[in-house]
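Student: Give me the fold of what follows.
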Amino acid sequence: MTLFPVTPFRPPDANEAAEMLPDGLVVAEGPDGVITTMNSRAEQVTGLRAEEVIGRHLRDALAFRDHDGQWWWDLASPWQGIATRTGHREKLLILPNGHEVLLTSRYLRRDRRGPVIAVLLSLRDAEARRRAEASHSALISTVAHELRSPLTGVKGFSSTLLRRWDRFSDDQKRLMLETIEADADRVTRLISELLDVSRIDSGRLRIHVQQVEVRPVLDRHVERLTASGVPRDRLTVEVLPGAERVWADPDRLNQILANLVENAVRHGEHAVRVRVAPAARPDEEGVVLTVDDDGPGIPENQREVVFSRFWHGHAQGSTGLGLYVVRALVRAHTGRVSVAESDLGGASIQVHLPLPPGE
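Tutor: Numbering: from 1, shown residues only. Okay, the predicted model is just below:
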């Protein structure tokens, strides 16, 4: 038996430990606040080199300003501030070189009311926050557009009917009222979608499962889409024997189908097919809902990304939240959703809704 020498474990020293951190770290020590440590991540975040910073006073080396233009260390004042202060929560600050930094500070004292002996700064790049803010701004813009479009139709048709009611035939009135109803439903679905995103993110999404007749649900979606101007011949619906009923929350099933069918109409060239069939795999029970289109399809390397928030694909005119909500709703039914290539030439989105336990 060959024995290999074992190198004893040596704990890293302070500088080595600082380099292991994912965030930037700056340490200022003593009553003068002289910087003694700056890891490489802090150099990247601030755009400053450690040799330019170490040995200088914190106030001079990292001359942060807030977005009101005030010097941050005049406001924070670690050494002259309240004796019980332990630090500051994350704050977005700006360096003279233009770098925006998310700063969190911690003040170390030997006892609770003693003088500050060291200040620890955790630094993070603000780029991720800027991207998040840009995404939220884009979402607000898209939501505003999505709300304005149907509301314009509702306002236009309702005003026309009120002013010129006697000039229209019953068929014309019915068509305008159906369009108003379809646009109002669109606004309601958008608001529900935004509320559901909040519930999903906070873990408050709830469902109430029961048996639902599939065909009437699908027929209502077809009627709604045709009332909104989608040609009837674009839509094909198939309900195979054994899949006439599905165990689902009726309202959530409506949301799932509305998002999937509207997504197929938006991305497809012409044909959209909705097919409901019994689960084909021998190890599964339940129903599989499949929505196919003849659009450009979804590349294989993006078939998971489509279920993330704010995904838009090639077509515009959506919040990018629909498939994110669909996956959360399907998972709440203990089901799964996946994307494949359709025999129509575009995308095929398949939703498996299992039987509830004991059925």
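
Student: Quick one: end-to-end length of stretch 279-294, please.
Tutor: 24 Å (C-alpha to C-alpha, to the nearest Å).

Student: quick one: pLDDT of the residue nearest to Val291 when sequence neighbours are not counted?
Tutor: Leaving out its chain neighbours, the residue that sits closest to Val291 by C-beta to C-beta, 6 or more residues apart in numbering is Leu260, at 4.3 Å. Bear in mind the C-beta positions are built from the backbone N, C-alpha and C, glycine included. pLDDT for Leu260: 92.

Student: so Leu260 sits in a helix?
Tutor: Yes - the assignment for Leu260 by DSSP: H, G, I helix; E, B strand; the rest coil puts it in a helix.

Student: Could you pull up the contacting residues of it?
Tutor: By C-beta atoms under 8 Å, 6 or more residues apart in numbering, the contact set of Leu260 is Val274, Leu289, Val291, Val326, Ile349, Val351.

Student: and the third one, what element?
Tutor: Put plainly, it is Val291. strand 286-293 (DSSP states H and E).

Student: List the pairing partners of that strand within its sheet, with orientation.
Tutor: Here strand 286-293 is paired, per DSSP bridges, with strand 272-278 (antiparallel), strand 347-354 (antiparallel).

Student: Figure out which of those strands is closest to His99.
Tutor: For these, proximity to His99 was assessed by C-beta to C-beta; strand 347-354 is nearest, at 42.1 Å.

Student: How about residues contacting the closest one?
Tutor: By C-beta under 8 Å, 6+ apart, strand 347-354 touches 246-248, 256, 260, 263-264, 267, 279, 284-293, 295, 297-298, 323, 326, 330, 333-342.

Student: Give me the buried subset of the residues you listed.
Tutor: Neighbour-count burial (16 or more other C-beta atoms under 10 Å) applied to those gives 246-248, 256, 260, 263-264, 267, 279, 286-293, 295, 297-298, 323, 326, 330, 333, 335, 337, 339, 342.

Student: low-confidence ranges in the protein?
Tutor: Judged by pLDDT under 70, the chain has its weakly predicted residues at 1-14, 128, 132, 135-136, 138-139, 142, 145-146, 282-283, 309-320, 357-359.

Student: Which parts of it are strands?
Tutor: Residue ranges of the strands in the chain, as given by DSSP state E, are 24-29, 34-38, 87-94, 100-109, 116-125, 210-213, 235-239, 245-248, 272-278, 286-293, 336-341, 347-354.

Student: Columns distance to Leu162 on top of the ones you listed, output as TSV?
Tutor: Putting those into TSV (distance: least, C-beta to C-beta, whole Å) gives the following:
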stretch	distance to Leu162
strand 24-29	63
strand 34-38	70
strand 87-94	50
strand 100-109	52
strand 116-125	55
strand 210-213	38
strand 235-239	33
strand 245-248	40
strand 272-278	35
strand 286-293	38
strand 336-341	44
strand 347-354	41
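
Student: what angle do the lengthiest helix in the chain and strand 100-109 make?
Tutor: Using DSSP state H to define each element, the chain has its longest helix at helix 127-164. Interaxial angle of helix 127-164 relative to strand 100-109 (axes from the mean of the first three to the mean of the last three C-alpha atoms, to 10 degrees): 130 degrees.

Student: Please name every helix or strand in contact with helix 127-164.
Tutor: When contacts are defined as 3 or more C-beta pairs under 8 Å, 6 or more residues apart in numbering; DSSP states H and E, helix 127-164 sits against helix 170-202.

Student: I'd like to know which elements the helix it packs on is packed against.
Tutor: Using 3+ C-beta pairs under 8 Å, 6+ apart, helix 170-202 is in contact with helix 127-164, helix 214-227, helix 250-267, helix 322-332.

Student: May I see the buried residues of the shortest one?
Tutor: I take that to be helix 322-332. For helix 322-332, burial by neighbour count (16+ other C-beta under 10 Å) applies to Gly322, Leu323, Tyr324, Val325, Val326, Arg327, Ala328, Leu329, Val330, Ala332.

Student: can you check stretch 256-273 too?
Tutor: Per 16+ other C-beta under 10 Å, stretch 256-273 contains these buried residues: 256-268, 271-273.

Student: Stretch 64-73 now?
Tutor: Buried-residue list, stretch 64-73, by 16+ other C-beta under 10 Å: Phe64, Arg65, Trp72, Trp73.

Student: hang on, isn't Trp73 packed against Asp66?
Tutor: No - counting by C-beta atoms under 8 Å, Trp73 does not reach Asp66; the two are 10.7 Å apart.

Student: thinking again about what came up before, out of the helices and strands packed on helix 170-202, nearest to Ser40?
Tutor: Once the helices and strands packed on helix 170-202 are compared by C-beta to C-beta, helix 127-164 is nearest, at 17.3 Å.

Student: got the angle between that closest one and helix 170-202?
Tutor: For helix 127-164 against helix 170-202, the angle by the same axes, to 10 degrees is 160 degrees.

Student: now helix 127-164, how far from the centre of its chain.
Tutor: Taking C-alpha atoms, centre = their mean, to the nearest Å, one finds the center of helix 127-164 at 19 Å from the center of the full chain.

Student: Next, the angle from it to strand 87-94.
Tutor: 70 degrees.

Student: thinking again about what came up before, quick check: the farthest pair among the buried residues of stretch 64-73?
Tutor: In the buried residues of stretch 64-73, the most distant members under the criterion C-beta to C-beta are Arg65 and Trp73, with 9.8 Å between them.
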